[in-house]
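**Q** With the sequence up front, the predicted model follows.
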Amino acid sequence: MNDLASRLLEEITVQTAFTLRIGSLEIAVAESTVVMWIIIGVLAALSLFFTHDLKVRNPSRRQLMIESFVSWIDKFIDGMLGEEGRPYATYMAVVLIYIMFANAIGLFGMKPPTKDLNQTVALAFMSIVLVEAAGIRKKGVKGWLKSFSEPVAAVTPINILELVIRPLSLCMRLFGNVLGAYIIMELIKMVIPVVIPLALSFYFDLFDGAIQAYVFVFLTCLYIKEAVE
């Protein structure tokens, strides 16, 4: 158990990949940041590949495949956001794809960036900023401020407290579930032969990772829907 505790501590410790020196200024670049750049680079390369040489007539199989995927994910996100939240569908689709890739990258021997609390905090912060911006855009600043005292003025402190609770809930849920999957895998490896943990690793990195991405996006979409309707 001491060995598990030490490995767990190593997993949640932010490792420095390298240090940038600009004059007398030193900037430590975390391992999770490097992995995040790799994921962004891969997604950008895939986007360029799939959107290259698009045609209106006689589209290729590649184009038909990516159009079907985009149509499916648009409908999927629109179903959660509703009519009023549709302008934010593209951003939510990108977040969904990024988190799925981030959770699955452990299959390639890299540490998922979602194991870094800084990453999940940043994702949650961006989501909540988008939620409140959507509310301001829909209701105006005056209407947005007034919404904190709805349905009665007595609940104003609770509504204000939600500004802290929501991002905290989003980031801790994503971070905790990803870290929890790692702990379960390590416990299984202690008592079960190699083949079963390998199969479960695929489950946690792919299926469970996709579920965590869905939950994060679903809750953000729900908050946006509440803000604009």
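**A** Structure's in. What do you need?

**Q** And for L117, the neighbour number?
**A** By the criterion of other CB atoms under 10 Å, L117 has 17 neighbours. Glycine gets a C-beta too; all of them are placed from N, C-alpha and C.

**Q** Just want the most central residue of this protein.
**A** I99 (3.9 Å; CA atoms, centre = their mean).

**Q** can you pull the contacts of M92?
**A** I77, M80, L81, V217, T220, C221, I224 (CB atoms under 8 Å, 6 or more residues apart in numbering).

**Q** swap the cut-off to 7 Å and go again
**A** I77, L81, V217, T220, C221 (CB atoms under 7 Å, 6 or more residues apart in numbering).

**Q** And the last one, how close does it get to M92?
**A** Pointing back at C221 there. 6 Å (CB to CB, to the nearest Å).

**Q** Between these two, which contacts overlap?
**A** I77, L81.

**Q** where are the low-confidence patches of this structure?
**A** Applying pLDDT under 70 to the chain picks out residues 1-14, 18, 191-201.

**Q** All the helices of it, in order from the start?
**A** 2-12, 31-50, 61-81, 89-104, 117-146, 156-191, 195-202, 209-228 (DSSP state H).

**Q** Redo those helices as CSV? Include distance to G23.
**A** Formatted as CSV, the helices of the chain follow (distance: least, CB to CB, whole Å):
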stretch, distance to G23
helix 2-12, 32
helix 31-50, 21
helix 61-81, 44
helix 89-104, 33
helix 117-146, 25
helix 156-191, 34
helix 195-202, 44
helix 209-228, 39
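
**Q** Looking at those, which is nearest to R21?
**A** With respect to R21, and counting by CB to CB, the nearest of the helices of the chain is helix 31-50 at 16.4 Å.

**Q** in that closest one, what's buried?
**A** By 16 or more other CB atoms under 10 Å, the buried positions in helix 31-50 come out as E31, S32, T33, V34, V35, M36, I39.

**Q** Thanks again, I'm all set now.
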